[in-house]
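# Give me coordinates for this.
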Amino acid sequence: MSMKINRKPNIIVTRRLPDAVHGRLLDLFDAKLNVSDAPMSQAELKIAVQSADVLVPTVTDRIDADIIAAAGTELKLIANFGAGTDHIDIAAAHAKNIIVTNTPGVLTEDTADFAMALILAVPRRLVAADRLTRAGEFKGWTPTGILGHRVRGKKLGIVGMGRIGQAIARRASAFGLKVHYHNRAPVSPPIEDALHATYWPDLDSMMANMDIISINCPSTPETYHLISAERLAAMPAHGVIINTSRGEIIDEAALAAALASGQIAGAGLDVYENEPDIHPGLLGLPNVILAPHIASATHESRLEMGEKVMINIRALYDGHRCPDRVLPPE
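Okay, the predicted model is just below:
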């Protein structure tokens, strides 16, 4: 679907975006901005879709079938500010001839950087060391102080070998990690060879043999609680798990129990099952790093995300195909 109109489209943005993005939106469109950054309620979202030509939501907005059903006839595009679209009922939008777009690609390198930071920080107990130092407990060097585990030579199992998984694999190889992965299907042989990566068709077998697991698959009904209590129990006691994808892929209660009991050694989490709430069992544990969903949070990525949003809006209203359209699964 494409169109060409002579007026500026009415854009409603659900969260506060960087000032430079706001400025461009105001220049190009009739944009209504959420300068308070308070998340919209479902009732507010219903009102927004009744009057908007374009809705610009984020991962914090649940654009479900009820919201789509409430949309007015003018709503032609949901231009998501973000790559993941599991919070949008794409099938319902498609059935109502509403295009959904996202911002792929621009988050890959920043998210991979952050995942690699956690892969390094958790085994080396970096945050625990920082807390000890700030608490005034550092009394000088000691041969047994804050002992961690060497990263070089360890086996990293990547769950989901898409753009981000491959970017993590490149970084991991540079640090001397042995890269393994589980995916719905193997990547092409040239990519596998370039990444020096070993494919495991069976996730359970891979998890039982890895030192570090990195979660990088999308959130779907099939991946809900993919990392279950049973799979956590299969990991070695020195194992570490990293999640920069979606919180609900891990059974968070089971993870808290595994960390508290010493069943696994540590975790680095940027996402949570019930954001912004975090399982209380995780909060007091010294062997988990808890980050506030910031894997892609760089100035550069946010500006590039904004540009992609505007390119998709402009393309539609200039009569062209949106370059980042997301279609419902077949």
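# mind listing the strands for the stretch 101-250 of the chain?
Assigned by DSSP state E, counting those that start in this stretch, the stretch 101-250 of the chain shows strands spanning 155-159, 178-182, 197-199, 212-215, 240-243.
# so which of those comes closest to residue 13?
strand 240-243 (28.1 Å; CB to CB). Quick note: C-beta positions are derived from backbone N, CA and C, even for glycine.
# Quick one: neighbours of residue 158, just the number.
Here the number of neighbours of residue 158 (other CB atoms under 10 Å) works out to 30.
# same question, residue 32
Residue 32 - counted by other CB under 10 Å - has 17 other residues nearby.
# ok, now which ones touch the closest residue to it other than its chain neighbours?
Once flanking residues are discounted, residue 32 sits nearest to residue 12: 5.0 Å by CB to CB, 6 or more residues apart in numbering. Going by CB atoms under 8 Å, 6 or more residues apart in numbering, residue 12 touches 31, 32, 48, 51, 52, 54, 55, 56.
# Am I right that residue 12 falls within a strand?
Yes: counting by DSSP: H, G, I helix; E, B strand; the rest coil, residue 12 falls inside a strand.
# For it, list each beta-bridge partner.
residue 32, residue 55 (DSSP bridges).
# Mind pulling the model confidence for it?
We have a pLDDT of 97 for residue 12.
# One more: the one 4 residues further on?
For residue 16, the pLDDT comes out at 94.
# Quick check, it in contact with residue 35.
Yes: counting by CB atoms under 8 Å, residue 35 is a contact partner of residue 16 at 6.0 Å.
# Compare those two and say which is more crowded by neighbours.
A count of neighbours by other CB under 10 Å puts residue 16 above the other of residue 16 and residue 35, at 15 against 11.
# ok, that one - contacts?
By CB under 8 Å, 6+ apart, the neighbours of residue 16 are 22, 33, 34, 35, 36, 37.
# Please measure how far the first residue of stretch 216-235 sits from its last one.
18 Å (CA to CA, to the nearest Å).
# And for it, what's in contact with it?
Taking CB under 8 Å, 6+ apart as the rule, stretch 216-235 contacts 84, 86, 115, 158-162, 164-165, 168, 203-204, 207-208, 210, 213, 215, 241, 244-246, 248-251, 254-255, 257-258, 263-264.
# re earlier: so which of the strands of the stretch 101-250 of the chain is nearest residue 306?
Closest among those, using CB to CB: strand 240-243, at 26.1 Å.
# Against which helices or strands is that closest one packed?
Helices and strands touching strand 240-243, by 3 or more CB pairs under 8 Å, 6 or more residues apart in numbering; DSSP states H and E, are helix 108-121, strand 212-215, strand 266-269.
# and among these, the most buried is which?
Mean neighbours per residue, mean count of other CB atoms under 10 Å, is largest over the helices and strands packed on strand 240-243 for strand 212-215, with a mean of 28.
# Quick one: mean pLDDT for it?
Averaging pLDDT along strand 212-215 gives 98.
# Counting by contacts, list what that strand packs against.
helix 108-121, strand 155-159, strand 240-243.
# looking at the ones you listed, which is closest to residue 93?
Across the helices and strands packed on strand 212-215, closest to residue 93 is helix 108-121 (CB to CB), at 24.9 Å.
# thinking again about what came up before, could you redo the helices and strands packed on strand 240-243 as JSON lines and give each row distance to residue 229?
Below are the helices and strands packed on strand 240-243 laid out as JSON lines (distance: least, CB to CB, whole Å):
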{"stretch": "helix 108-121", "distance to residue 229": "22"}
{"stretch": "strand 212-215", "distance to residue 229": "15"}
{"stretch": "strand 266-269", "distance to residue 229": "14"}
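# Mind checking these for the one nearest to residue 308?
Using CB to CB, those put helix 108-121 closest to residue 308, at 12.8 Å.
# got a list of contacts for the closest one?
126-127, 151, 156, 163-164, 167-168, 170-172, 175, 177, 212, 214, 216, 240, 242, 244, 268, 270, 289, 291, 294-298, 300-301.
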